[in-house]
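[1] Give the three-dimensional model of this entry:
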Amino acid sequence: MKVILKENVKSLGKAGQIVEAKSGYARNYLIPNGLAVEVNSKSMNDLKLMQENDKKVAAQNLADAQALGEKLSQAAVTIPMKFGENGKAFGSVTSKEIAAAIADQLGLDVDKRKIKLDAALKDAGAHEVPVKLHPDVTATMTVVLKEEA
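    This is a model prediction of the structure:
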């Protein structure tokens, strides 16, 4: 029996797939538990509409990420810190502080997990920091560490 999966089912398939399942398994488990629907013209039409909607949402998310990436690439944030005699900071700047500085100075909401630092920033000056906003969009922004007055 062919069914369209509504949710991921282990060892059978992922949501939105059309799969072949044994008729007893489909009638007694998948369909009553809301995990699948039987393939017919209405369910096929619903599947097409759902896939088209998913494509539109994905395209909108990509466009939003590209717009945010442009803003971040053109902007710079400044983080004041205390420095020693040799230009080394007392402490370091992590992605959490960078995300807070972006929110305060630019008014943009960027998740700290999207800021990709190899190591915490400890030296004075400008640093290029990559921000992965989408699987296809990575922006590079400038973070400036300066001596606080």
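[2] Now the residue positioned nearest the centre of the chain. Nearest residue, chain neighbours left out?
    Residue closest to the average C-alpha location in the chain (Cα atoms, centre = their mean): H134, at 5.3 Å. Distances taken as Cβ to Cβ, 6 or more residues apart in numbering place A65 nearest to H134, at 3.6 Å, with adjacent residues excluded. C-betas here are computed from N, CA, C, even on glycine.
[3] Does the residue nearest to the centre of the chain touch A63 like I think?
    No. Assessed by Cβ atoms under 8 Å, H134 is found out of contact with A63, at 9.7 Å.
[4] Endpoints of stretch 101-117, how far apart?
    End-to-end distance for stretch 101-117: 15 Å, by Cα to Cα, to the nearest Å.
[5] what's next to it, contact-wise?
    Applying Cβ atoms under 8 Å, 6 or more residues apart in numbering, the external contacts of stretch 101-117 come out as 68, 71-72, 75, 77-79, 94-96, 98-99, 129-133, 138, 141, 143.
[6] re the thing from before, okay, and the common contacts of H134 and A63?
    In contact with both H134 and A63: no residue, using Cβ under 8 Å, 6+ apart.
[7] related to what we said a few turns ago, mind checking which of the contacts of stretch 101-117 are buried?
    For these, a neighbour count by 16 or more other Cβ atoms under 10 Å gives the buried set as 68, 72, 77, 79, 95, 98-99, 129, 131-133, 141, 143.
[8] mind putting those residues in a markdown table, pLDDT and secondary structure included?
    What follows is these, written out as a markdown table (pLDDT from 0 to 100; DSSP: H, G, I helix; E, B strand; the rest coil):
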| residue | pLDDT | secondary structure |
| --- | --- | --- |
| L68 | 91 | helix |
| L72 | 91 | helix |
| V77 | 93 | strand |
| I79 | 90 | strand |
| S95 | 91 | helix |
| I98 | 92 | helix |
| A99 | 93 | helix |
| V129 | 93 | strand |
| V131 | 93 | strand |
| K132 | 94 | strand |
| L133 | 92 | strand |
| M141 | 93 | strand |
| V143 | 92 | strand |
